[in-house]
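Peer 1: Let's see this in three dimensions:
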Amino acid sequence: VFDNGAILSQSSGSGRAGNAWITAGKLELKNGGFIQLSTFGMADGGDLALNVRSLHLSEGGAILIGTGGPARGGDVSLDAKSISLSGSSDPARLTGIFASTSGSGGSGALNVTSQRLEMTGNTTISNASFSFGPAGTLKVDVDGDITITGSGNPAVFTGLFANTFGRGQGGTLQVVSKTLRLADRATIQAASFAQGDAGSATVHTGHLEISGGSSIFSSALFGFGNAGVVDVQADTIVIRGVRDSIDPFGVIDFTGFSTTAGVNAKRGGDIRLTARSILLTDKGAIASVSLGSGDAGTILIAADELVVNERSQINSSTAASGRGGNIQIRANNVIVSGAGAALGPLDPDVSGIAAQTLGGSGAAGDISIAAGHVQALDGAKISTQTLGSGRGGNIDLSAGRVTLAGGALISADSSASASAGHAGA
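Peer 2: Numbering: from 1, shown residues only. Alright, predicted model coming up:
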């Protein structure tokens with residue numbers, strides 16, 4: 001389907017829109033070619049079922065399914081051996097698979113099944129709410145590899161999205177694969193940009209690698225609802241940040257996992273990571289943040305080995321009246337290591353695990369680490385700190401062995417009028 005050609009099924013009255021089934025060796029949507037199933041009336045939208053050997057979308061090619069009224073949008077079932085999406089150089093020309101609601105009815109489920117999925121700059125698979133209706137589930141189930149590579153431009157979004165831009169509940173995002181790689185500012189996101197609560201993001205994979213300003217997060221940074229939970233289960237997790245960034249934990253260069261409760265949000269979501277091995281390097285990060293009255297979410301990590309090096313961070317913080325989130329780590333071996341000259345005022349000079357109050361009245365979260373061996377090396381810090389009126393957090397360290405070397409420290413500090421927390425081993 002090329003050059004703005006279309007396959008359409010629509011309903012704007014009391015009758016239900018028709019279903020569409022496509023079975024083919026290869027399906028290609030290019031140069032604005034699209035498939036659209038929609039309802040704007042009282043009856044539910046039609047369902048779309050695709051069963052093809054290969055699916056390729058490029059240069060504004062799109063699959064669109066949704067509702068603009070009180071009825072529910074149709075479901076999408078996409079089954080292909082190979083799926084590839086390559087975007088346009090024009091940021092305004094969207095390429096991808098989009099399920100949505102702009103009415104009071106909910107969007108349908110969007111299910112993608114394949115052996116291989118590859119997405120490159122300015123491509124999207126999304127299930128979203130723009131009004132009162134709830135967004136449906138977005139499920140991506142790939143037997144083999146998922147590779148999502150962004151454009152490198154922070155203003156151009158590439159990835160998997162389950163967002164709400166209205167009062168409707170955000171959708172649940174589920175990803176299953178053998179391997180999952182995010183690079184060059186690619187994103188897996190479940191966020192709220194309005195009154196609705198964000199959905200959750202769940203990933204089950206063998207090997208997960210996040211690099212170059214890419215992230216997996218749930219956020220209510222710009223919304224009024226709750227952020228959702230980020231839940232990841234993998235054999236190995238590697239987070240490789242932007243090594244030469246002067247602001248590696250800011251919006252543009254942040255690399256890793258995060259949840260955020262914004263100024264008007266209710267509560268931040270939890271981050272739950274379970275893996276045999278977790279490595280954060282080159283200013284990679286795991287962060288839970290509160291910027292308003294809502295509490296930040298808890299960071300929970302269970303691993304055989306957790307390594308935080310090359311000025312990477314696991315951080316929970318509050319900047320207002322909301323409480324900072326707790327950090328809970330359970331591992332056989334925990335290594336925090338690495339220091340260097342900061343490139344700018346927002347660039348950290350050491351690796352660390354930290355819970356902080358950054359100037360507000362909210363109390364900092366607590367840090368709890370239970371491990372066989374904890375090593376803090378080469379200037380690294382395990383710390384809680386208050387810079388405002390909120391109380392500092394406590395540190396509870398339970399380990400068979402603790403090694404501190406090269407100027408590393410474990411500390412609970414106060415740089416303001418509030419009391420510091422307690423550090424105990």
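Peer 1: OK, contacts around the residue nearest to Gly424 when sequence neighbours are not counted?
Peer 2: Using CB to CB, 6 or more residues apart in numbering and skipping residues adjacent in sequence, the residue nearest Gly424 is Asp396, 5.9 Å away. (Glycine included, C-beta is placed from N, CA and C.) Contacts for Asp396 (CB atoms under 8 Å, 6 or more residues apart in numbering) come out as Asp366, Ile367, Ser368, Ile369, Gly424.
Peer 1: tell me which element the residue nearest to Ala339 when sequence neighbours are not counted falls in.
Peer 2: Nearest residue to Ala339, sequence neighbours excluded (CB to CB, 6+ apart): Gly379, at 3.4 Å. Using DSSP states H and E, Gly379 sits within no helix or strand.
Peer 1: and Gly379, what does it touch?
Peer 2: Going by CB under 8 Å, 6+ apart, Gly379 touches Gly338, Ala339, Asp349, Val350, Gly406, Gly407, Ala408.
Peer 1: quick one: the last one and Ala339, what's the gap?
Peer 2: Using CB to CB, to the nearest Å, one gets 9 Å for the distance from Ala408 to Ala339.
Peer 1: any common contacting residues for the two?
Peer 2: Asp378, Gly379, Ala380.
Peer 1: picking that back up, buried only: go through the contacts of Gly379 for me.
Peer 2: Gly338, Ala339, Val350, Ala408 (16 or more other CB atoms under 10 Å).
Peer 1: quick one, phi/psi of the first one?
Peer 2: With angles defined as degrees, to the nearest 10, Gly338 shows backbone torsions of phi 120, psi 130.
Peer 1: Would you confirm that it contacts Val307?
Peer 2: No. Taking CB atoms under 8 Å as the definition, Gly338 is not a contact partner of Val307, at 9.9 Å.
Peer 1: SS state for Gly168?
Peer 2: coil (DSSP: H, G, I helix; E, B strand; the rest coil).
Peer 1: What are the boundaries of the strands in the stretch 151-300 of the chain?
Peer 2: Listed in chain order, the strands of the stretch 151-300 of the chain (DSSP state E, counting those that start in this stretch) span 159-161, 173-183, 187-191, 201-211, 215-220, 230-240, 256-261, 271-281, 285-290, 299-309.
Peer 1: Please identify which of those strands is closest to Ser12.
Peer 2: strand 159-161 (27.1 Å; CB to CB).
Peer 1: Can you tell me the strand partners of the closest one and which way each runs?
Peer 2: With DSSP bridges as the test, strand 159-161 is paired with strand 123-129 (parallel), strand 187-191 (parallel).
Peer 1: could you give the mean pLDDT of that strand?
Peer 2: Averaging pLDDT along strand 159-161 gives 97.
Peer 1: which residues touch Gln385?
Peer 2: Contacts of Gln385 (CB under 8 Å, 6+ apart): Ala354, Ala355, Gln356, Thr357, Ala364, Gly392, Ser411, Ala412, Asp413, Ser414, Ser415, Ala420.
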